[in-house]
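# just to be clear, the model below is a prediction. Sequence and coordinates:
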Amino acid sequence: MNALPQRISPRLRAYDYAQAGAYFVTICTAAREGFFGAVVDGEMRLSPLGAIADRVWHDIPKHFADVELDAFVVMPNHVHGIVVIHDDAGALGGATTDDARVVPTDNPTPSVGTRRASSAAANSTVNASPGRASSDTTSSNNPSKQRAKGPPPRSLGAIIGAYKSAVTRDINAHMGLTAPVVWQSRYHDHIIRNMHDLARIRDYVAHNPARWEADTFFAPRPPGNP
C-alpha cells in the first residue's frame, strides 16, 4: 500500500517564529462562514461572535508579556492583525520606534494577501467543554502555557493557537450546544520586513471593510442577514 502524502507546510523554512519581529496574520473561519458580522456601507458591523473575536484579540498582551498588537480588524469570515513580538529587553533589537517593528532579512517577501499558512495552528472547535482548549496547543485557562507537543512558548504559533482556543471557548460558552466549528485549522502569516511593508499592511487592514467586495475572502451575505 502506498504511503499517504505528507502535508507540506508553506511557512518559511528554518525561520524562528519565536524571534523578535512583526508578523501579519490572517485567520479564517471554518468554511469561511460569516460568523463575525457583516460589512454594511463600507463599515464592519460585528455580530456577538465577532465581538468575542475582537475582545479576545485585544486581551493577548495580558497573557503574552512580550507581545504588542498593531493594526487589527474583524471581518465577516476572518480576522487580520499585526502581532509584534519583542525581545527580552522589551524591544526589537533594542529599538523603541516603529523601525523596531520590522524584521531585516534577505529572504523574499510575499505580498499582502499571499496565503502562508501555519502548521502550528490547531484545529479549534466550540464543541468541547467550556473552559477546555479543544484540540489546540494551549491551555484555555492560561494561554501562555504550552503543552509538550505544542509550538515553542512565545512563538507566533503559540500566540495564535491561544487566541483561537480562547475565542472557541468563549463562543462555546455563549452559544452552548448550538455553537458551530469556528476556525479553519491553519492560518496565514507574513513576516513584515521593512517600514514600507508595515505601512502598506496597515493601510490594507484599515481599508479592508471599505474594499470588502474586492477582497480575496469576500462572500456575499445570505438574504435576511444584517
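Done, it's in.

# in the protein, which helix is the longest?
Longest helix in the chain, counting residues (DSSP state H): helix 156-175.

# paired strands for the next helix or strand along the chain from that helix, with orientation please.
Tracing the chain C-terminally past helix 156-175 and defining elements by DSSP states H and E, one meets strand 187-192 next. Strands that pair with strand 187-192, judged by DSSP bridges, come out as strand 21-28 (antiparallel), strand 117-118 (antiparallel).

# deepest of those strands, which one?
For the strands paired with strand 187-192, average neighbour numbers computed from mean count of other CB atoms under 10 Å are highest in strand 21-28, which has a mean of 23. Backbone N, C-alpha and C define where each C-beta goes, glycine included.

# I'd like to check the angle between that strand and helix 156-175, please.
Orientation check (axes from the mean of the first three to the mean of the last three CA atoms, to 10 degrees): strand 21-28 against helix 156-175 gives 40 degrees.

# ok, residues contacting whichever helix or strand comes after strand 21-28?
With elements assigned by DSSP H and E, the helix or strand that comes after strand 21-28 is strand 37-40. With CB atoms under 8 Å, 6 or more residues apart in numbering as the test, strand 37-40 has contacts from 44-47, 49-50, 74-76, 209, 212, 221, 225-226.

# related to what we said a few turns ago, what mean pLDDT does the longest helix of the chain have?
Per-residue pLDDT over helix 156-175 has a mean of 96.

# and that helix, what does it pack against?
Other elements packing on helix 156-175 under the criterion 3 or more CB pairs under 8 Å, 6 or more residues apart in numbering; DSSP states H and E are strand 21-28, helix 48-58, helix 60-63, strand 78-85, strand 117-118, strand 187-192.

# quick check: angle from that helix to strand 78-85?
Between the axis of helix 156-175 and that of strand 78-85 there is an angle of 140 degrees, by the same axes, to 10 degrees.
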